[in-house]
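based on what follows, work out the 3D shape:
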Amino acid sequence: MQQAGEGDRIRIDIPDEADIDHDLHGEHGEVVTVLRDDAASVTGVDADSRLYRVDLDSGRTVDVRGRDVRPPIDD
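Coordinates of the predicted model:
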């Protein structure tokens, strides 16, 4: 996905069942803040430096990496 911005609807895509955040897989929500850190300097993947704070439709607020963000699936 291209970079998401504040107010964008997104879907979280974490299919690896071994991932600690797998319970978020398939959740939809709205990006409320885009944060940046230096994770890309370790992984070499620019998307890893984008951290999205997302208000999920379920009512939770979570932070997810750019590599875990996809366009929403329309119902």
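
distance check, residue 5 against residue 24.
Using CB to CB, to the nearest Å, residue 5 is found at 20 Å from residue 24. In this view, the C-beta of every residue, glycine as well, is placed from N, C-alpha and C.

with residue 67 instead?
Residue 67 is 13 Å from residue 24, by CB to CB.

who has more neighbours, those two?
Taking neighbours as other CB atoms under 10 Å, residue 67 and residue 24 compare with residue 24 leading, 20 against 16.

list the contacts for the more buried one?
Residue 24 is in contact with 12, 14, 56, 62, 64, 68, counting by CB atoms under 8 Å, 6 or more residues apart in numbering.

find the least confident helix or strand in the protein, judged by mean pLDDT.
Sorting the helices and strands of the chain by mean pLDDT, DSSP states H and E puts helix 40-43 at the bottom, at a mean of 84.

so how far is it from its chain's centroid?
Chain-centre distance of helix 40-43: 17 Å, with CA atoms, centre = their mean, to the nearest Å.

ok, then the element right after that helix?
strand 50-56 (DSSP states H and E).

what mean pLDDT does that next one get?
Regarding strand 50-56, the rounded mean pLDDT is 95.

could you point out which element follows it?
strand 61-65.

mean confidence for that following strand?
The model assigns strand 61-65 a mean pLDDT of 95.

make TSV out of the contacts of residue 24 and add distance to residue 46.
Shown next, in TSV, are the contacts of residue 24 (distance: CB to CB, whole Å):
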residue	distance to residue 46
12	19
14	19
56	25
62	21
64	16
68	14
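
out of those, who's nearest residue 45?
For the contacts of residue 24, the closest approach to residue 45 (CB to CB) belongs to residue 68, at 11.7 Å.

ok, now how distant is the closest one from residue 5?
Residue 68 is 16 Å from residue 5, by CB to CB.

neighbour-wise, which of the two wins?
Neighbour totals were compared for residue 68 and residue 5, and residue 68 leads with 21 against 9 (other CB under 10 Å).

who's in contact with the more buried one?
Taking CB under 8 Å, 6+ apart, one finds 12-14, 21, 24 in contact with residue 68.

got it, and residue 3?
34, 50, 66.

for it, helix, strand, or coil?
coil (DSSP: H, G, I helix; E, B strand; the rest coil).
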